[in-house]
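Colleague: A predicted structure for the sequence below; I have some questions about it.
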Amino acid sequence: MEFSEWYSEVLRSAEVMDVRYPVKGMYVWMPYGFEIRRRVVELLRKKLRETGHEEVLFPTLIPEGNLSKEAEHIAGFEDEVYWVTHGGTKELNERLALRPTSETAIYPMFALWIRSHADLPLKIFQVVNTFRYETKHTRPLIRMREITTFKEAHTAHATEEEAEEQVREAFEIYSWLFDTLGIPYIASVRPEWDKFPGAEYTVAFDTLMPNGRALQIGTVHMLGQNFSKTFEVTFETEEGETEYVYMTCYGVSDRVVAAVIGIHGDESGLVLPPVVAPIQVAVVPIPKKGARREVKEAAGDVADLLKEHGFRVELDDRDISPGRKFHYWELKGVPVRAEVGPREVEAGTVVLFRRDEFEREEVDLDDLPRAVEALLEDVAENLRERARERFESMLHRAETLDDLEAAVRDGGVVETGWCGSESCGRELEERLDVDALGTPYPDDEPEFERCPVCGRRADHTLRLARTY
Ligand code: 5CA
Ligand code: ZN
């Protein structure tokens, strides 16, 4: 099955999202999907708090005057903005934008909040919905017109160095998040022509879906003083002088959930990393004639024991066949299934089935919590490892145009030499029908001899890929 077909099918059958909502690019989170989403957000929330970020919540609407203030920013977003023009039947004096992102909502308030160096650094974040009138093919979680899980952080600093340090911290935070979820990635400094509108530079995280297409799953932007100058975000230094702050912002979205689903899933459905699985262990009784009650009770005891040990457990006592239950929990991506039949009741054991590798093992009841814990860890590690291996098998290198053409046909990411000029970069994009992801972050060491377009010395490595 084609990946995109598989993806749509799994969102539907595992009840992650309902795509039948009658507005293009807008979808409905269903309860099971919402629980996965919630756990991803909570992971990140906790990490952000631990690293000194405070959570805020800004209004959805931005006055046109504010949104338009930063010239590059509005130039980059104007084709994507949804406008509120009326209140009831009355036309508004000033149009209001549904936020496509929140720099122009937040920074005017930063200007009011920040007085002196003592107020810095200021590190805030919010998890909100944002709206972008996307014209490329819309897809649930991947390219939405209402991005429902937009986690954006915004920071202000006294010095450029501190802002640079913040870019590194953001890089660490997102690296940690993706590692935790077993999502492999590369980080690249986006080419000048593809940076965030209004930024000095953009560091982006890209992963690869199984079809070899790159998906941008997070971005960190160095804003320098561009926005602080536009919105008069100043502070008084220790010496009593007034200066503009340096700013950064960074964001991830529903795409993180899309990556979890797309990268770990298989023909049987979702395969969820235990850390975000709404249910970690499904307990399935396998009754036999003459031992129904014993089996039912034993399965209940197994579920209780695991719950007491803090696992997220569901006892499946529905009146359907065990085979159908197996199928159902596999589709839902539950990492571990505990099976209890008459033989296990007799022996004082439980059969543990791992979703990732379809393997069974029998463990003693006494040893069950420890065994489940070890198995969940093993599943997480295995998912991370096998995703990493597949990812690496899709990273290619090529030195000449002919080799590049062959390499991009396989999908994945191709690295090549680059002189650094925009014209050569764009030439590669056009000739190969790919996007330039940019140069390796944090270190872009020269690894190739020549730029394949102009033949000049390759001071940089350039990454190319077909993207979402
Ligand atoms: N204000 C900055 C930092 S939050 C910002 O808006 N950056 S962004 O434009 O790069 O968006 C942040 C992240 O949102 C991107 O890295 C990408 O992963 C995700 N994203 C962007 N557009 C969409 C979309 N239409 N649907 C789903 N996710 C999206
Ligand atoms: Zn060149």
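Modeller: Received, thanks. Residues are numbered from 1 along each chain as shown. Ligands and ions are numbered 1, 2, ... in the order given.

Colleague: So the residue in the stretch 251-400 of the chain that ligand 1 sits nearest to: helix, strand or coil?
Modeller: Among the residues of the stretch 251-400 of the chain, G251 lies nearest to ligand 1; the distance is 2.2 Å by C-beta to the nearest ligand atom. From N, CA and C alone the C-beta is placed, and that goes for glycine too. State at G251, reduced to three classes by DSSP: H, G, I helix; E, B strand; the rest coil: strand.

Colleague: How confident was the prediction at it?
Modeller: The predicted structure scores G251 at 98 on the pLDDT scale.

Colleague: Not counting its neighbours along the chain, what's nearest it?
Modeller: Distances taken as C-beta to C-beta, 6 or more residues apart in numbering place E152 nearest to G251, at 4.3 Å, with adjacent residues excluded.

Colleague: From H460, how far off is the one you found?
Modeller: Remark: distance between E152 and H460 (C-beta to C-beta, to the nearest Å) = 29 Å.

Colleague: which residues sit against the host helix or strand of A105?
Modeller: Using DSSP states H and E, A105 sits within helix 103-113. Residues external to helix 103-113 that are found in contact with it (C-beta atoms under 8 Å, 6 or more residues apart in numbering): 58-59, 62, 66-67, 69-70, 73, 99, 119, 122, 124, 154, 156, 198, 223, 227-228, 230-234, 245, 247, 249.

Colleague: Quick check on K123: phi, psi?
Modeller: Dihedral angles phi and psi of K123 (degrees, to the nearest 10) take the values phi -130, psi 110.

Colleague: how close does it sit to A170?
Modeller: As for K123, its distance to A170 is 10 Å (criterion: C-beta to C-beta).

Colleague: any common contacting residues for those two?
Modeller: Residues touching both K123 and A170 comprise A153, with contact defined as C-beta under 8 Å, 6+ apart.

Colleague: Look at these two and report which has more neighbours.
Modeller: Neighbours of K123 and A170, each counted by other C-beta atoms under 10 Å, are more numerous for A170; the result is 26 against 19.

Colleague: Verify the stated contact: that one with E152.
Modeller: No - with contact defined as C-beta atoms under 8 Å, A170 does not reach E152; the gap is 11.2 Å.

Colleague: what is in contact with those two at once?
Modeller: Y250.

Colleague: which residues of the stretch 151-300 of the chain fall in strands?
Modeller: Ranges of strands in the stretch 151-300 of the chain, per DSSP state E, counting those that start in this stretch, are 186-189, 201-208, 214-224, 234-236, 242-244, 246-252, 281-285.

Colleague: Nearest to E160, out of those?
Modeller: The minimum distance between E160 and these falls on strand 246-252, with 5.1 Å, by C-beta to C-beta.

Colleague: quick one, that closest one and helix 103-113 angle?
Modeller: Interaxial angle of strand 246-252 relative to helix 103-113 (axes from the mean of the first three to the mean of the last three C-alpha atoms, to 10 degrees): 140 degrees.

Colleague: helices or strands up against strand 246-252?
Modeller: Strand 246-252 makes packing contacts with strand 146-157, helix 160-180, strand 214-224, helix 226-230 when contacts are defined by 3 or more C-beta pairs under 8 Å, 6 or more residues apart in numbering; DSSP states H and E.

Colleague: Excluding residues flanking it in the chain, which one is nearest A204?
Modeller: Residue nearest to A204 in three dimensions, not counting chain neighbours: T219, with 4.8 Å by C-beta to C-beta, 6+ apart.

Colleague: Residues of the stretch 101-250 of the chain that sit close to ligand 1?
Modeller: Counting by C-beta under 6 Å from any ligand atom, the residues of the stretch 101-250 of the chain lying close to ligand 1 are 101, 103, 132, 134, 143-144, 147, 152, 196, 216-219, 221, 249-250.

Colleague: in what helix or strand does E344 lie?
Modeller: The secondary structure element spanning E344 is helix 342-347 (assigned by DSSP H and E).

Colleague: And the contacts of that helix?
Modeller: Applying C-beta under 8 Å, 6+ apart, the contact partners of helix 342-347 are 286-288, 291, 294-295, 298, 350-351, 362.

Colleague: and what of stretch 232-249?
Modeller: Applying C-beta under 8 Å, 6+ apart, the contact partners of stretch 232-249 are 103, 107, 110-111, 114-117, 119-120, 152-160, 162-163, 166-167, 170, 220-229.

Colleague: can you do 7 Å?
Modeller: With C-beta atoms under 7 Å, 6 or more residues apart in numbering as the contact definition, stretch 232-249 has outside contacts at 103, 107, 110-111, 114-117, 119-120, 152-160, 162-163, 166-167, 170, 220-225, 227-229.

Colleague: List buried residues within those residues.
Modeller: Among those, those that count as buried by neighbour count (16 or more other C-beta atoms under 10 Å) are 103, 107, 110-111, 114, 117, 120, 152-158, 162-163, 166-167, 170, 220-225, 227-228.

Colleague: Which residue does the stretch 301-450 of the chain have closest to ligand 1?
Modeller: Checked against ligand 1 (C-beta to the nearest ligand atom), the nearest residue in the stretch 301-450 of the chain is L437, 12.2 Å away.

Colleague: Which residue, other than its chain neighbours, is closest to that residue?
Modeller: Excluding its sequence neighbours, the residue lying closest to L437 (C-beta to C-beta, 6+ apart) is R463, at 4.1 Å.

Colleague: Quick check: that neighbour touching V434?
Modeller: No - taking C-beta atoms under 7 Å as the contact criterion, R463 and V434 are not neighbours in contact, 9.5 Å apart.

Colleague: thought K332 was touching S13?
Modeller: No - with contacts counted by C-beta under 7 Å, K332 stays clear of S13, the gap being 9.3 Å.

Colleague: Quickly list what's touching both of these two.
Modeller: Residues touching both K332 and S13 (C-beta under 7 Å, 6+ apart) are G269.

Colleague: Give me the more crowded residue out of these two.
Modeller: A count of neighbours by other C-beta under 10 Å puts K332 above the other of K332 and S13, at 23 against 13.

Colleague: Report the contact partners of the more buried one.
Modeller: Neighbouring residues of K332 by C-beta under 7 Å, 6+ apart: 14, 32, 269-270.

Colleague: so how far is A282 from it?
Modeller: Counting by C-beta to C-beta, the gap from K332 to A282 is 8 Å.

Colleague: just E430 next, same as before
Modeller: Between E430 and A282 the computed distance is 50 Å (C-beta to C-beta).

Colleague: Give me the more crowded residue out of these two.
Modeller: A282 (25 against 9).

Colleague: Quick check, the residue in the stretch 51-200 of the chain closest to ligand 2?
Modeller: Among the residues of the stretch 51-200 of the chain, P191 lies nearest to ligand 2; the distance is 12.7 Å by C-beta to the ion.

Colleague: quick one: contacts for that residue?
Modeller: Counting by C-beta under 7 Å, 6+ apart, P191 makes contact with 425, 436, 438.

Colleague: Now do it, the pLDDT please.
Modeller: Note for P191: predicted pLDDT of 98.

Colleague: Who are the contact partners of V10?
Modeller: If you count contacts by C-beta under 7 Å, 6+ apart, then V10 has 261, 265, 269-270 around it.

Colleague: Look up how far ligand 2 lies from it.
Modeller: Distance of V10 to ligand 2, computed by C-beta to the ion, to the nearest Å: 42 Å.
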